[in-house]
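> Give the three-dimensional model of this entry:
(one chain, ligands or ions: 1)
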Amino acid sequence: MRLEDSLEKILIVDFGSQFTQLIARKIRELGIYCEIISHNKITKTHKLENNIKGLILSGGPLNVYQSKKVKFNKKLLFSKIPVLGICFGHQIISKVMGGKVKQSKSREFGLAKVIKINNSLLTKNFFSKKENNVWMSHADEVIKLPKNFKVIAKSNNSKLCIIENSKEKLYGIQFHPEVTHTKRGKIILKNFIFNICKIKKNWSSRDKKSKLIKDVRNKIGNSKVICALSGGVDSSVVAKLLSNAIGKNLTCIFVNTGMLRKNEEKQVVNTFKKRFKINLIYVNAEKQFLSKLKNISDPEKKRKIIGNLFIKIFEKYAKKIKNVKFLAQGTLYPDLIESKSVTGSQTSKIKSHHNVGGLPKKMNLKLIEPLKYLFKDEVRKLGLELNLNKEIISRHPFPGPGLAIRMPGIITKDKINILKEADHYFIKALKDHKLYDRIWQAYAALLPVKTVGVMGDNRTYEYLCLLRAITSEDGMTADFFEFKKSFMQFVSNQIVNNIRGINRVVYDITSKPPSTIELE
Ligand code: XMP
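Numbering: from 1, shown residues only. Model (predicted):
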């Protein structure tokens, strides 16, 4: 049994909203353990465990009147467990309990004003002067109140914007309390969890650390474990956690693909081998990767070559360690959720991601994924509890194929060296100007174009360097970061003046979507 199974929790029933993960993160920030389950999974025979103290029904892209598409087990509303419905969840509660939902005459997207009509435990301290600004995103509206329900608040286009049946502990709200644009939205979640579900705090970084250590110790016993270490946040936290739990029974394998950032291999070896005294096998496979990638410019081919070679090398070294039973991976909760489509539709493949995660199936090793119920910010906090250096914890994400996918066109040693330098100057400038932690991910890329420049009265004909810096919550959507002109000038000068091979710097101002974060 997982330790999480014994904790009291909130269960979030996901109907496919883009904000479902935000609800979960907000609840965990409040110190409560919660899990997300797809609405499809709660079938008629599904039994809710005793430790579920509250249900939250998320928003979603469907309409409640498309009853065939919406699978919803109505019994949930009669299970005596408090339920909070958000947006689509609000509409489904209303419909099931005898109200009516229809397409709104005017849709509400973005900021809206909600006006208080009645008092409620759910909205205690939420309104100031009977009003509040909230974030809406709906085209349908509840137009008839279900029997035994009371209206708590209205907005311009949603007269039944907050409703409740306090006796049955059923609550519905049309807006999104989980997004930051809803002022004091967290208070609604707090009221629901602590005052209505009456659940006690059970989820702090310290709790998590000791629970996870106990959990992996129980699972692993005296067996041996291998872990593919990339030097990124997730695999580093897994390695340190396992090393605390099982000491020398852990061996990490770190493959230098040659596509790492400047000095990255030195930092990883110094941190894990020298400082933490973790068994670490360092494999310098730079030449192998370069030779396999020779003359390859197709992004998908590059990714496949890197992924496959990585696995081959990893397997070769893993086989040298005797009696290994487990393979540790840094899978996170969003990886689990994103891999399943809530509405059942096939999401189209944009890129085949490679990370140290997608590892050997045929090795007959059992998987151990201690972080698979955590979000990235929780992993970072756990890392701090484990005494990992801030340098590693606050690191921007770095893709498995590394610099190879930041260099459209063919890959050469020369280009890699130029790119490593450009990236180094950019990241150093971000850190020196205290911008690094305000940005979710930043990097330099080398474009396969040469342009003409003039330096010291001489003509130059060199590569184009592209800089990308984005803000994001989870990498699924992103916007470009707005730098001051003086900073951009500084970075551009640093790069062009110090690196032979680059004579022009451009900044990527596209968001995701339509672009992706990486170039390939
Ligand atoms: P995209 O480019 O898909 O990137 O918008 C989203 C996030 O994923 C990272 N990324 C990868 N991470 N292996 C990884 O481990 C990969 O193959 C890979 N491709 C993209 C990217 O850096 C960004 O944080």
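
> ok, what's across the strand from Gly172?
Gly85, Ile163 (DSSP bridges).

> From Leu77, how far off is it?
Remark: distance between Gly172 and Leu77 (Cβ to Cβ, to the nearest Å) = 11 Å. (Glycine included, C-beta is placed from N, CA and C.)

> between those two, which one's more packed in?
Comparing Gly172 with Leu77 by other Cβ atoms under 10 Å, the one with more neighbours is Gly172, at 29 against 21.

> I figured the more buried one was touching His90, is that so?
Yes: using Cβ atoms under 8 Å, Gly172 is in contact with His90, at 3.4 Å.

> who's in contact with the residue nearest to Leu170 when sequence neighbours are not counted?
Of all residues not flanking Leu170 in the chain, Val83 sits nearest, at 5.2 Å (Cβ to Cβ, 6 or more residues apart in numbering). Counting by Cβ atoms under 8 Å, 6 or more residues apart in numbering, Val83 touches 54-57, 76-77, 93, 169-171.

> give me phi/psi at the residue with the largest distance to the centre of the chain?
In the chain, counting by Cα atoms, centre = their mean, Asp457 sits farthest out from the average C-alpha position, at 48.9 Å. Note on Asp457: backbone dihedrals following degrees, to the nearest 10 are phi 70, psi 10.

> Could you tell me the per-residue confidence at it?
Asp457 carries a pLDDT value of 90.

> Next step: the contacts of Val83 restricted to helices.
Ile93 (DSSP state H).

> ok, the contacts of Val83 vs the ligand, which is closest?
Ile56 (27.0 Å; Cβ to the nearest ligand atom).

> pretty sure the closest one contacts Ile86?
Yes: using Cβ under 8 Å, Ile56 makes contact with Ile86 at a distance of 6.6 Å.

> Can you pull the residues that touch both of those two?
Listed as contacting both Ile56 and Ile86 by Cβ under 8 Å, 6+ apart are Ile23.

> Can you get me a residue count around Lys312?
12.

> What strand or helix carries it?
helix 299-319 (DSSP states H and E).

> Give the other helices and strands that that helix contacts.
Here helix 299-319 touches strand 250-256, strand 279-284, helix 286-292, going by 3 or more Cβ pairs under 8 Å, 6 or more residues apart in numbering; DSSP states H and E.

> Out of those, flag the one nearest the ligand.
Of all those, strand 250-256 comes closest under Cβ to the nearest ligand atom, at 13.6 Å.

> Who does the closest one pair with, and is each partner parallel or antiparallel?
Strand pairing for strand 250-256, using DSSP bridges, gives strand 224-228 (parallel), strand 279-284 (parallel).

> Need the contact partners of the last one.
The reference is to strand 279-284. 229, 248, 250-256, 265, 269, 272-273, 313, 317.

> roughly how far is that strand from the heart of the chain?
28 Å (Cα atoms, centre = their mean, to the nearest Å).

> buried set for that strand?
Residues 279-282 are the ones in strand 279-284 that count as buried (16 or more other Cβ atoms under 10 Å).

> Same check on stretch 160-177?
160-166, 169-177.

> Which residues does Ala442 form beta bridges with?
Going by DSSP bridges, Ala442 forms beta bridges with Ala469.

> what pairs with the helix or strand harbouring Ala153, and is each one parallel or antiparallel?
Per DSSP H and E: Ala153 is located in strand 150-155. Each strand paired with strand 150-155, and its direction, by DSSP bridges: strand 100-116 (antiparallel), strand 158-165 (antiparallel).

> Let me have these in CSV, extended by distance to Tyr461 and mean pLDDT.
Supplementary listing: the strands paired with strand 150-155 in CSV, determined by distance: least, Cβ to Cβ, whole Å; pLDDT from 0 to 100:
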stretch, distance to Tyr461, mean pLDDT
strand 100-116, 48, 89
strand 158-165, 61, 96
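
> Quick one, which of those gets closest to Thr412.
Closest to Thr412 of those is strand 100-116 (Cβ to Cβ; 48.2 Å).

> Poorly predicted segments of the stretch 351-500 of the chain, please.
Residue ranges of the stretch 351-500 of the chain with pLDDT under 70: 351-361.

> Can you show me the helices along it?
376-385, 390-393, 413-432, 485-498 (DSSP state H, counting those that start in this stretch).

> And the stretch 1-150 of the chain, by the same measure?
Using DSSP H, counting those that start in this stretch, helices in the stretch 1-150 of the chain cover 20-29, 88-96.

> Determine which of those shows the lowest mean per-residue pLDDT.
Among the helices of the stretch 1-150 of the chain, helix 20-29 scores lowest, with a mean of 91.

> which secondary structure elements does that helix contact?
When contacts are defined as 3+ Cβ pairs under 8 Å, 6+ apart, helix 20-29 packs onto strand 9-14, strand 34-38, helix 185-190, helix 333-338.

> Quick check: which of these is buried the most?
When you average the neighbours per residue for each of the helices and strands packed on helix 20-29 (mean count of other Cβ atoms under 10 Å), strand 9-14 leads with a mean of 24.

> Pretty sure Asn249 sits against Lys224.
Yes: counting by Cβ under 8 Å, Asn249 does reach Lys224; the two are 5.0 Å apart.

> Next up, the contacts around the closest residue to Ile42 other than its chain neighbours.
Excluding the flanking residues, the one nearest Ile42 by Cβ to Cβ, 6+ apart is Asn73, at 4.7 Å. Counting by Cβ under 8 Å, 6+ apart, Asn73 makes contact with 42-44, 46.

> Grab the two from the residues you listed that are most spread out in space.
Ile42 and Lys44 (8.7 Å).

> For those two, work out which one has more neighbours and name it.
Higher neighbour count among Ile42 and Lys44: Ile42, with 19 against 7, using other Cβ under 10 Å.

> so who does that one touch?
13, 72-73, 76.

> What separation is there between it and the ligand?
Counting by Cβ to the nearest ligand atom, to the nearest Å, the gap between Ile42 and the ligand amounts to 30 Å.

> Ok, Ala139 next?
Distance of Ala139 to the ligand, computed by Cβ to the nearest ligand atom: 28 Å.

> For the closest residue to that residue other than its chain neighbours, grab the count of nearby residues.
Counting by Cβ to Cβ, 6+ apart, the nearest residue to Ala139 once its immediate chain neighbours are dropped is Arg107, at 4.4 Å. Using other Cβ under 10 Å, Arg107 is surrounded by 13 other residues.

> Surely Ala422 and Asn498 touch.
No: using Cβ under 8 Å as the test, Ala422 is too far from Asn498 to be in contact (9.1 Å).

> Those two: which has the busier surroundings?
The residue with more neighbours, out of Ala422 and Asn498, is Ala422; 29 against 12, by other Cβ under 10 Å.

> deepest of the strands paired with strand 150-155, which one?
Ranked by mean neighbours (mean count of other Cβ under 10 Å), these are led by strand 158-165, with a mean of 24.

> Show me what it is in contact with.
Residues contacting strand 158-165 (Cβ under 8 Å, 6+ apart): 90, 94, 97, 99, 104, 108, 112, 114, 120, 122-123, 136, 138, 141-143, 145-146, 148-155, 170-175.

> again with stretch 189-200
8-10, 23, 26-27, 30, 32, 53-54, 56, 81-82, 84, 121-126, 169, 171, 177-178.

> Name the residues of it that come out as buried.
Buried, per 16+ other Cβ under 10 Å, within stretch 189-200: 189-193, 196-197, 199.

> again, but for stretch 86-99
86-97, 99.

> gap between it and the chain center?
Here stretch 86-99 is found 29 Å from its chain centre; the criterion is Cα atoms, centre = their mean.

> Over to stretch 385-403?
14 Å.

> Could you do stretch 226-234 as well?
That offset, for stretch 226-234, works out to 17 Å (Cα atoms, centre = their mean).

> Kindly export it (C-alpha atoms) in PDB.
The C-alpha trace of stretch 226-234 is given here as PDB (Å, rounded to 0.1, in the frame of the first residue of the first chain):
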ATOM      1  CA  ILE A 226      19.800   2.000 -10.700                       C
ATOM      2  CA  CYS A 227      18.900   5.600 -11.600                       C
ATOM      3  CA  ALA A 228      19.500   7.500 -14.800                       C
ATOM      4  CA  LEU A 229      20.800  10.900 -13.700                       C
ATOM      5  CA  SER A 230      20.500  13.800 -16.000                       C
ATOM      6  CA  GLY A 231      21.400  16.600 -13.600                       C
ATOM      7  CA  GLY A 232      18.000  18.100 -14.000                       C
ATOM      8  CA  VAL A 233      15.700  18.800 -11.000                       C
ATOM      9  CA  ASP A 234      13.600  15.600 -11.100                       C
END
